[in-house]
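# no FASTA, just this:
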């Protein structure tokens, strides 16, 4: 029988990273993704704190979620010109920042970095597409020199567009961090059906839920896991049938006491699905 899937939580990386590991431990989870948009904090000293906190709690870092500097707008109007490596004006600087993220991931012995690449064009004949692919290949090769994977977080691109980008980049260390809610929030795909396109590439999962957009400008609404459009029993069963054995990393993008309430509810929903 396949091993049970591990449950985890995405938490912030900061100088007080011990508190992030304590939060994961208090919830009884065994893995985490560490996330930071502040490249300036990525130092050997912080890496040592991460390694110590991981060792003392027994919590494994399943991926380092690497952010970047600059303006980032999460909508359909300004998102294409502000998110990830797609915007040409900020591409070179952000590439160097993500390489620093990969250097840090290697220091903490994470297996991969994960990030939003941005609104990849659906037109492979667009000259900017070729330039983006070259940049992503450069980043993937940098990750490869560290023995790291490079995982695309789903959201801004259709499943076919993402699969084509992976094929065109062509390195052997590429994967997908499937955020099924993002596919819904951006109106890009039904998450279960998307597995028919790129399921073999999925290396990690964000356990998050959401609703489809109701207008052409704003994303859909994130909701507590189990209250949105993601069919988690069907999704996890399909992933398992395809050989997936990565972590299910809970993400709830609110703050305060309600976030913990919703995370605990997500654990209750996911726990019986770990052995599908």
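Looks like it arrived, so ask away. Keep in mind that what you see is a predicted model, and the values were worked out from it rather than measured.
# can you give me the strands in the stretch 151-276 of the chain?
Residue ranges of the strands in the stretch 151-276 of the chain, as given by DSSP state E, counting those that start in this stretch, are 174-178, 202-207, 209-210, 222-223, 248-250.
# Could you export these as JSON lines, including distance to residue 41 and mean pLDDT?
To be clear about C-beta, it is placed using only N, CA and C from the backbone, and glycine gets the same treatment. Output for the strands of the stretch 151-276 of the chain, formatted as JSON lines (distance: least, C-beta to C-beta, whole Å; pLDDT from 0 to 100):
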{"stretch": "strand 174-178", "distance to residue 41": "22", "mean pLDDT": "98"}
{"stretch": "strand 202-207", "distance to residue 41": "23", "mean pLDDT": "98"}
{"stretch": "strand 209-210", "distance to residue 41": "29", "mean pLDDT": "98"}
{"stretch": "strand 222-223", "distance to residue 41": "26", "mean pLDDT": "98"}
{"stretch": "strand 248-250", "distance to residue 41": "21", "mean pLDDT": "98"}
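# And the contacts of the one helix or strand residue 102 maps to?
Following DSSP states H and E, the helix or strand that holds residue 102 is helix 88-107. Contact partners of helix 88-107, identified using C-beta atoms under 8 Å, 6 or more residues apart in numbering, comprise 39, 42, 44, 46-47, 63-64, 66-70, 84-85, 112-113, 115, 128, 131-132, 135, 138-139, 142-143, 146-148, 150.
# tell me the pLDDT at residue 1?
The model reports residue 1 with a pLDDT of 62.
# For residue 147, see how far away residue 92 is.
Taking C-beta to C-beta, to the nearest Å as the measure, residue 92 and residue 147 are separated by 25 Å.
# Am I right that residue 252 is in contact with residue 265?
No - taking C-beta atoms under 8 Å as the contact criterion, residue 252 and residue 265 are not neighbours in contact, 9.4 Å apart.
# Look up the closest residue to residue 227, ignoring the ones flanking it.
The shortest distance from residue 227 to any non-neighbouring residue, by C-beta to C-beta, 6 or more residues apart in numbering, is to residue 209 (6.2 Å).
# what about the helices in the stretch 1-150 of the chain?
With DSSP state H, counting those that start in this stretch as the criterion, the stretch 1-150 of the chain has helices at 17-26, 44-57, 88-107, 127-145.
# What are the buried residues along the shortest one?
If I follow you right, that is helix 17-26. Residues of helix 17-26 classed as buried by neighbour count (16 or more other C-beta atoms under 10 Å): 17, 20, 21, 22, 23, 24, 25.
# Tabulate the strands of the stretch 151-276 of the chain (JSON lines), appending mean neighbour count.
Below are these laid out as JSON lines (neighbours: other C-beta atoms under 10 Å):
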{"stretch": "strand 174-178", "mean neighbour count": "25"}
{"stretch": "strand 202-207", "mean neighbour count": "25"}
{"stretch": "strand 209-210", "mean neighbour count": "26"}
{"stretch": "strand 222-223", "mean neighbour count": "20"}
{"stretch": "strand 248-250", "mean neighbour count": "26"}
